[in-house]
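Chemist: Structure for the following, please:
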Amino acid sequence: MSRCILFVVFTLFLQGAFGELVCEELPVGMCSFSVASSAKRCLLETFTSGDGNPGFQCKTSEVMSITVKEYIENDGCVSACGVDRKTFGISSDSLLETQFTLKLCSPQCYYNCPNIIDLYNNLALAEGVLLPEICESQSTRRSAIQVQSSGAAAAFGPSAASGPASATADAPMSSPTPSVACAPAPM
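Modeler: Sure thing, here's the model as predicted:
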């Protein structure tokens, strides 16, 4: 038994000595959207301490990254992609939010932040859709809104600019997103 404990302690020491990224050793503020040396994604979890107070901890998930390992996401990508470092767990729910997918599909995020794109591409695949299809639908929706907000839409009077379309028209515009041809091959 003592050999087993000694082995575990020695293994942990070697991981630290060789500079491996271990999720459980990350500060809470750097946990979400990080990837351990094992290529497993880190996730932020809540726990209740022995005295009953809630706390946060970084844990290693079973979700593997395909494109990166040993990586801590930078603040530029966190901002460009519209993600939050205080995100708990890993969920595809945010893919249903228009404002989030607008940022995720923006060229600033899609072409410059492969870690976040890899994560959400895999989450979309798990739901049976392709991230490029989601982005394409956002692009099509923006194109329709641009037509509505052009001079042609103004001819219908002020009421044409009210309602949900005008709220979406205020969303950031971006250049065309990649086509479905850019998606990874189905498994």
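Chemist: any residues touching the lengthiest strand in the chain, and which ones?
Modeler: Ranked by residue count under DSSP state E, the longest strand found in the chain is strand 54-64. Strand 54-64 has contacts (CB atoms under 8 Å, 6 or more residues apart in numbering) with 22-28, 30-31, 34, 36, 38-49, 90, 119, 122. Bear in mind the C-beta positions are built from the backbone N, C-alpha and C, glycine included.
Chemist: Of these, select the buried ones using a ChimeraX command.
Modeler: In ChimeraX, this line selects whichever of the contacts of strand 54-64 come out buried by 16 or more other CB atoms under 10 Å:
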select :22,23,26,31,34,36,40,41,42,43,44,90,119,122
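Chemist: I'd assumed residue 80 was in contact with residue 106.
Modeler: Yes - counting by CB atoms under 8 Å, residue 106 does reach residue 80; the two are 6.8 Å apart.
Chemist: quick revisit: mind listing what's buried along the longest strand of the chain?
Modeler: Neighbour-count burial for strand 54-64 [16+ other CB under 10 Å]: 58-60, 63.
Chemist: partners of it in the sheet?
Modeler: The strands beside strand 54-64 in its sheet (DSSP bridges) come out as strand 40-48 (antiparallel).
Chemist: And the contacts of the strand it pairs with?
Modeler: By CB under 8 Å, 6+ apart, the residues outside strand 40-48 that reach it are 23, 26, 28, 31-36, 54-65, 86-90, 119.
Chemist: those strands in the protein, which residues are they?
Modeler: 34-35, 40-48, 54-64, 71-72.
Chemist: Including distance to residue 96 and mean pLDDT, could the ones you listed go into JSON lines?
Modeler: Below are the strands of the chain laid out as JSON lines (distance: least, CB to CB, whole Å; pLDDT from 0 to 100):
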{"stretch": "strand 34-35", "distance to residue 96": "24", "mean pLDDT": "97"}
{"stretch": "strand 40-48", "distance to residue 96": "20", "mean pLDDT": "93"}
{"stretch": "strand 54-64", "distance to residue 96": "19", "mean pLDDT": "93"}
{"stretch": "strand 71-72", "distance to residue 96": "26", "mean pLDDT": "96"}
